[in-house]
Structure formats: C-alpha cells, structure tokens
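Undergrad: Based on what follows, work out the 3D shape:
(chains A, B and C)
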Amino acid sequence: MDANVLSKVYQILFAAYGPQRWWPGETPFEVMVGAVLTQNTAWSNVEKAVANLKNGDCLDPSAILNLSDDRLAEMLRPSGYFNIKAGRLKSFCAWYIKLGRYETLSGMDTLVLRHGLLAVHGIGRETADDILLYAFKRPVFVIDAYTRRLFARLGLIRGDESYEALRHGFESALGEDTSLFNEYHALIVRHAKEICQKRPACERCRLASSCPSADLAKLV
DNA sequence: ACCCAGGGTCATA
DNA sequence: TATGACCATGGG
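TA: I've put the predicted structure just below:
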C-alpha cells in the first residue's frame, strides 16, 4: 500500500465531507452495543433498538443479562436478526462483565483484547475492530465491504485479500494513528452513502464542478 | 416488488 | 480455504 496515495484519498474525502464525529453513542458501552447491532444492518434501524434499551433503562451489561431472551429480542426487533443479536449481545455482556468492564479492559494490550473479543460468539473481525477503535481508542484500521469496494475500484487492491492482510496493509502504511483511523473509516462509510447509487452518473457528478468520486478517479 | 444495509456462524466440499 | 444458506427489519 502506498502511504502517499492513501493520504491523498483521505484528504479528498475529508475535504468533501468534513469530520464525521464517529462513533455515534454517548458512552463506550453504547458504542459496543451499536457495533454488534449494526452488523449487516442500516444504522437508522440500530438507533431504534438502542432507544428501546435506553427507554427500558437497559443500556447496561448486567441489565441486559437480566432480561429474558424474548424480552431482549423484542427490544432489538427494529435492528433485524433480533433473535440472533439478542444472543450475541448477551454473550458479549457476559464476557465484558467477566473481564472487569471498561476499566480493566482498558489496561489490556490491544492484541490481547482483540483475541478476547474474537473469542466472543457473534463478534467477528469487523465488529471487534469497531469496538477496539471507537470504544477503546486503539489504532486499529477497520476493514469493511465499503473499504474493499472503494480501494478495489481505485485499483489500489485486488479486493479479495484476506481481512488481516488488508488491515495490516493500511496500518503499516499509515502508522498507528487512532484519530486518523477513526476519521478515515467514517469517511469511507459516508462516501459510500453519498456516491452514485445509480449508474452511469450520479447527480453530484453532473451538478458539482468537482465531486469526490471524480477527484478520486484522477488519482489512478 | 425488489434490493440492500456500518456481518457472523454453520454446514458442506 | 472457500463457497452458500441463514438470520429479519426498514427505507429506497
């Protein structure tokens, strides 16, 4: 990965969209819950489920564990996969409490913490890295489908690389910079939402003298 | 009516 | 290692 090109891509996205203020959530625990609930799900749906937890005074690991599976699933309903996610959220909360909550976990080495997260049923690489970056402020670069798609279209990667290979590629090229990784991933997601949904050309490209997609295309 | 969204697990080959 | 089925709501 070319560090220079990666920086330029970042600059173009930042110039187009500005700071994204990720991750939405008032507390680290809310960030973690959101990370689990947003799996393959639109964020607007996650917000409704989180609101249900807040309204029920259940945005807390022990409160979640004290709910019956059915009651929890019902609160998670708007976020989709609610039965699956009820189980995943409980697995995560059990692990979280068992290891001493935020205080203790904050003292752990990043890779140790990552292995711990990945051992939780229902937490895969992307969700683990969301939690590490946005809840624990660790310099971990999150790889998602948008990241693959964008950089593959720019010709900077093939797109079929392993998750860990890509993560290592971005991290070693950019250096361990939590703030940069935070903003970069958020900008990639933002860009994916804004960019042409319809071929061949989007509204933005015709109306604006310069659009991020066009600027990015010039890089290649 | 169809498509997909800020994925992960499990069975199968 | 690598596919495919499955989970499920809500907005375009």
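Undergrad: gap between stretch A:160-172 and the chain center?
TA: Centroid separation between stretch A:160-172 and its chain, computed with CA atoms, centre = their mean, to the nearest Å, is 16 Å.
Undergrad: ok, now stretch A:71-82?
TA: 20 Å.
Undergrad: and if you look at stretch A:155-169?
TA: Worked out by CA atoms, centre = their mean, stretch A:155-169 lies 17 Å from the chain centre.
Undergrad: tell me how far the ends of that stretch are from each other?
TA: 15 Å (CA to CA, to the nearest Å).
Undergrad: In chain A, what residue lies closest to DNA strand B?
TA: Closest approach between chain A and DNA strand B, counting by CB to the nearest atom of the strand: A:G124, at 2.5 Å. (C-beta placed from N, C-alpha, C; glycine too.)
Undergrad: what's the pLDDT at that residue?
TA: On the pLDDT scale, A:G124 is placed at 98.
Undergrad: That one: neighbour count?
TA: By the measure other CB atoms under 10 Å, the count of residues near A:G124 is 12.
Undergrad: Return the distance of A:S7 relative to A:L180.
TA: Between A:S7 and A:L180 the distance is 9 Å, computed by CB to CB, to the nearest Å.
Undergrad: Secondary structure class of A:G155, three-state.
TA: Three-state assignment for A:G155 (DSSP: H, G, I helix; E, B strand; the rest coil): coil.
Undergrad: What is the burial count for it?
TA: Neighbours around A:G155, by other CB under 10 Å: 9.
Undergrad: Quick check: closest non-adjacent residue to the most centrally placed residue in chain A.
TA: Nearest to the mean C-alpha position of chain A, counting by CA atoms, centre = their mean, stands A:D130 at 4.4 Å. Nearest in space to A:D130, with sequence neighbours left out and distances taken as CB to CB, 6 or more residues apart in numbering, is A:A35 at 4.1 Å.
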